[in-house]
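1. give me the fold of what follows.
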Amino acid sequence: MSEHRVTVLSLVAGFIGFLLLTSFIASCTPIGAGERGVVMRFGAVQTDGVLDEGLTFVWPFLSKVEKYTVRTQRFDIENTSAGTMDMQEVETSVTINFRISPDEVARLHQQVGPDYIRVIVERAGIETIKATCARYKAEDLIKKRREVSTEMEADFLEKLNSVEGLTNSTFVVDEFSITNFTFSSAFMSAVESKQIAEQQAAQARNEVERERARADQVIETARGKAESMLKQAAVLADNPILVQFEAIRKWDGKLPLVSGQGADFLFDFEKLQKLKTEMDKQSSSGN
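-> Below is the predicted model of the structure:
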């Protein structure tokens, strides 16, 4: 009888020890680096009980811990179809880097739950792409890509934090990047043709400017020569002796082949003699 009682007591003690050990293990909840734990007791979220990194203890069998990462997460949205302002079809791909504010983890779990990426992030991203593309012409999406990306990021963040029950600081968007625009082949051909036409027009304008510059240069050269000739003519008109001097300087020494009575000589030798005398006087006075 005593041995049987001892056996029963041993079994009871072992069972109690097992329960205690199981409870202890169940109460230990490790929270990894870059994570936060949301405590739920009897299914109710304990908004003041968010667990930080490290090993923590919760009531076993009464509490449950849901873990959330607060590290930066990358989410890609591929080939979302949208219409532009000028009725062109465009497929847009974006990459979003975002994170959850650690202080807002409990609120996010209470209002949305662990499936927040599909419920909020993806939906807000697709809506943002469609709404933003509709405000731009297809060609401007290419030319103003940086501006479009900045506008998408602001709209996306606004949509994320406008969910009922969340605050403006629930999500933080670190980067919103447009990775690709895909247009129809007809539109791309039209853009290429327009670019070629613009290049040809620019080349034609440059050629016109070059020809205009050449024409202006010719005009200026002719004007300079005309002004020089006018100045020379004025000087010669005021100094007849210079006309004769220029004639002597350019004479090749040959007399004209003209004979007979009344024929004029090329030079008036009497005047030439006077010119020589005058030039000798000027040379002497110069010395």
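
2. hey, let's count contacts and neighbours off CA atoms from now on
-> Noted.

3. contacts for the host helix or strand of residue 159, please.
-> Under the criterion of DSSP states H and E, residue 159 resides in helix 145-161. Helix 145-161 is contacted from outside by 120-121, 124-125, 128-129, 132, 141, 167-173, 175-178, using Cα atoms under 8 Å, 6 or more residues apart in numbering.

4. of those, buried ones?
-> Buried residues within the contacts of helix 145-161, counting neighbours by 16 or more other Cα atoms under 10 Å: 121, 124-125, 128-129, 132, 141, 170-173, 176-178.

5. thinking residue 177 is in contact with residue 96, fair?
-> Yes. With contact defined as Cα atoms under 8 Å, residue 177 counts as touching residue 96 (6.5 Å).

6. farthest pair within the buried ones among the contacts of helix 145-161?
-> Pairwise distances across these peak at 29.8 Å for 141 and 170 (criterion: Cα to Cα).

7. wait, isn't residue 183 in contact with residue 90?
-> Yes. In this structure residue 183 lies within contact range of residue 90 using Cα under 8 Å: 4.9 Å.

8. helix or strand with the lowest mean pLDDT in this structure?
-> None of the helices or strands of the chain scores lower by mean pLDDT, DSSP states H and E than helix 2-27, at a mean of 56.

9. among the contacts of helix 145-161, name the ones in helices.
-> Here DSSP state H is the test, and these give 124-125, 128-129, 132, 141 as lying in helices.

10. out of the residues you listed, who's nearest residue 72?
-> Nearest to residue 72, judged by Cα to Cα, of the ones in helices among the contacts of helix 145-161 is residue 125 at 16.5 Å.

11. state the distance from the closest one to residue 223.
-> Distance, residue 125 to residue 223, by Cα to Cα, to the nearest Å: 69 Å.

12. residue 139 now?
-> The spacing between residue 139 and residue 223, counted by Cα to Cα, is 50 Å.

13. so between the two, which is more surrounded?
-> Each of residue 139 and residue 223 has its neighbours counted (other Cα atoms under 10 Å); residue 139 has more, 16 against 12.

14. got the phi and psi for residue 213?
-> When read as degrees, to the nearest 10, the backbone of residue 213 gives phi -60, psi -40.

15. let me know the pLDDT of it.
-> With respect to pLDDT, residue 213 scores 78.

16. what is the burial count for it?
-> Residue 213: 12 neighbours (other Cα under 10 Å).

17. so the chain: which segments form each domain?
-> Here the domain assignment for the chain is 19-69, 73-183, 244-287, based on automatic domain parsing.

18. which of those comes out lowest on mean pLDDT?
-> domain 244-287 (a mean of 58).

19. residue 93 is in contact with residue 80, correct?
-> Yes. With contact defined as Cα under 8 Å, residue 80 reaches residue 93; the gap is 6.4 Å.

20. that older thread, check which residues of the helix holding residue 159 are buried.
-> 148-149, 152-153, 155-157, 159-161.

21. residue 163: what secondary structure?
-> Three-state call for residue 163 (DSSP: H, G, I helix; E, B strand; the rest coil): coil.

22. which residues does it contact?
-> Under the criterion of Cα under 8 Å, 6+ apart, residue 163 has no neighbours.

23. ok, so what distance separates it from residue 157?
-> Taking Cα to Cα, one finds residue 163 at 11 Å from residue 157.

24. now swap in residue 86 and tell me
-> Residue 86 sits 26 Å away from residue 157, going by Cα to Cα.

25. before we move on, what about residue 94?
-> For residue 94 relative to residue 157 (Cα to Cα), the value is 14 Å.

26. and residue 131, by the same measure?
-> Distance from residue 131 to residue 157, counting by Cα to Cα: 14 Å.

27. equivalent analysis for residue 105, please.
-> Counting by Cα to Cα, the gap from residue 105 to residue 157 is 17 Å.

28. swap in residue 135?
-> Residue 135 is 18 Å from residue 157, by Cα to Cα.

29. what does residue 103 give?
-> Distance of residue 103 to residue 157, given as Cα to Cα: 17 Å.

30. please apply the same query to residue 124.
-> Going from residue 124 to residue 157 by Cα to Cα gives 8 Å.

31. swap in residue 147?
-> In this view, residue 147 and residue 157 are 16 Å apart by Cα to Cα.

32. and the helices in this structure, which stretches?
-> Using DSSP H, helices in the chain cover 2-27, 105-111, 116, 123-133, 138-143, 145-161, 185-238, 240-250, 269-286.
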